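Asker: Need coordinates for the following:
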Amino acid sequence: MTTEPKVPAGNQFVLQARDVAVHYSGFRAVKNIDLDVPRNQITALIGPSGSGKSTLLRCFNRMNDLVTGSAVSGEVMFNGSNIYDSAVDPTEVRSRIGMVFQKPNPFPKSIFANVAFGLKINGFQGDLQEGVERSLKAAALWDEVKDRLHDGAQKLSGGQQQRLCIARALAVEPEVILMDEPASALDPVS
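Answerer: Reported below is the predicted structural model:
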């Protein structure tokens, strides 16, 4: 987004969907969704497999834009501004609305570089080492990787890779984090 959105006083919703529909190459995956997501709360979408939960989540940070043949209609409001407005930069939306996917998707870089990546591209001015450490601690991964931060992220177990992806999302301190079954790759203790 090019400017900070004007949030109406007392606006209790961080995200709102109005008559949202999603088509993939003509197939309607989601239709007529109206949803209000309260600010500063955890909200869960529950439904059977294939019901469009992941598709709807991807609407909230414009990830569907990256899917060939997809079309989204309706309005998705973030802090009172329609993120599908032509003046809105999807990259800015994704930096303010983070996403953790069901399957771990670490970058083919070191553990450190995975977490530092978002900080760097968003112009982080603080201590990069501290930012990475803070994020890895928040994702309960620091103690397991602190002595091998420069090893490749692909060397981590599946559960560790997922926690790395969570740390990567947390690092840039987005206003919203969308999580698509983030615990499916984690063991019960994690």
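Asker: Now do Gly159: how many residues are near it, please.
Answerer: Neighbours of Gly159 under the rule other C-beta atoms under 10 Å: 18. C-beta here means a position set from N, CA and C on the backbone, and glycine is covered the same way.
Asker: Sticking with it, tell me its helix or strand.
Answerer: In the assignment (DSSP states H and E), Gly159 maps to helix 158-171.
Asker: same thing with Leu178?
Answerer: strand 176-179.
Asker: any residues touching that strand, and which ones?
Answerer: 14-15, 37, 57, 60-61, 78, 96-100, 166, 169-170 (C-beta atoms under 8 Å, 6 or more residues apart in numbering).
Asker: Equivalent analysis for stretch 24-37, please.
Answerer: 13-23, 43, 52, 55-56, 59, 67-70, 74, 176.
Asker: please redo it, this time with the cut-off set to 10 Å
Answerer: For stretch 24-37, contacts defined as C-beta atoms under 10 Å, 6 or more residues apart in numbering pick out 12-23, 43, 45, 50-56, 58-60, 64, 67-78, 176, 178.
Asker: which among those residues end up buried?
Answerer: 13-17, 20-23, 52-56, 58-60, 64, 70, 72, 74, 76-78, 176, 178 (16 or more other C-beta atoms under 10 Å).
Asker: From these, which land in helices?
Answerer: Using DSSP state H, the subset of those located in helices is Lys53, Ser54, Thr55, Leu56, Arg58, Cys59.
Asker: can I get these in JSON lines with distance to Asn122 and pLDDT?
Answerer: Output for these, formatted as JSON lines (distance: C-beta to C-beta, whole Å; pLDDT from 0 to 100):
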{"residue": "Lys53", "distance to Asn122": "28", "pLDDT": "93"}
{"residue": "Ser54", "distance to Asn122": "25", "pLDDT": "93"}
{"residue": "Thr55", "distance to Asn122": "27", "pLDDT": "94"}
{"residue": "Leu56", "distance to Asn122": "26", "pLDDT": "95"}
{"residue": "Arg58", "distance to Asn122": "21", "pLDDT": "94"}
{"residue": "Cys59", "distance to Asn122": "23", "pLDDT": "95"}
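Asker: just these now: which is nearest Gln129?
Answerer: Lowest distance from Gln129 to these (C-beta to C-beta) belongs to Arg58, with 32.5 Å.
Asker: on that earlier part again, what comes up buried for the helix holding Gly159?
Answerer: For helix 158-171, the neighbour count (16+ other C-beta under 10 Å) marks 159-171 as buried.
Asker: between those residues, which is closest to Ala183?
Answerer: Checking the buried residues of helix 158-171 against Ala183 with C-beta to C-beta, the nearest one is Gln162 at 8.0 Å.
Asker: quick one: that closest one and Met179, what's the gap?
Answerer: According to C-beta to C-beta, to the nearest Å, Gln162 stands 10 Å off from Met179.
Asker: for Ala113, same thing?
Answerer: As judged by C-beta to C-beta, Ala113 and Met179 stand 22 Å apart.
Asker: any idea which helix or strand comes after the least confident helix or strand in the chain by mean pLDDT?
Answerer: None of the helices or strands of the chain scores lower by mean pLDDT, DSSP states H and E than helix 90-96, at a mean of 91. Sequence-wise, the next helix or strand downstream of helix 90-96 (DSSP H and E) is strand 97-100.
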